[in-house]
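> model the structure of this input:
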Amino acid sequence: MAVQQYKVTGMTCGHCEMSVREEVGEIPGIEAIEVSAKTGDLKVTAGSAIDDAKILAAVEEAGYSAVRA
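Residues are numbered from 1 along each chain as shown. Take a look at the predicted model:
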């Protein structure tokens, strides 16, 4: 199991969290997503190695930017 943390900028509310969760959740192999608009934290858990590029692209697709924490 792999766990990776990211810092997301631009989120301000629960709807922002939901948008990020939906986009990241579409990536195959992702098992759990924890996201907080308050702290800007995104924690992704997957069954195998996590592809940072896919996570960052999904966050961007949701309308935000992220960096690996």
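> what's the following helix or strand after the longest helix seen in the chain?
In the chain, taking DSSP state H as the definition, the longest helix is helix 14-25. The helix or strand immediately downstream of helix 14-25 is strand 30-35, counting by DSSP states H and E.
> what helices and strands are in contact with that following strand?
Under the contact definition 3 or more C-beta pairs under 8 Å, 6 or more residues apart in numbering; DSSP states H and E, strand 30-35 sits against helix 14-25, strand 41-46. Yep, even glycine has a C-beta here, placed from its N, CA and C like the rest.
> need the contact partners of the shortest one.
Residues from elsewhere that reach strand 41-46 (C-beta atoms under 8 Å, 6 or more residues apart in numbering): 1-8, 20, 24, 29-36, 50, 55, 59, 66, 69.
> now the residues you listed: which count as buried?
Buried by 16 or more other C-beta atoms under 10 Å: Q4, Y6, V8, V20, V24, I30, I33, V35, I50, I55, V59, A66, out of these.
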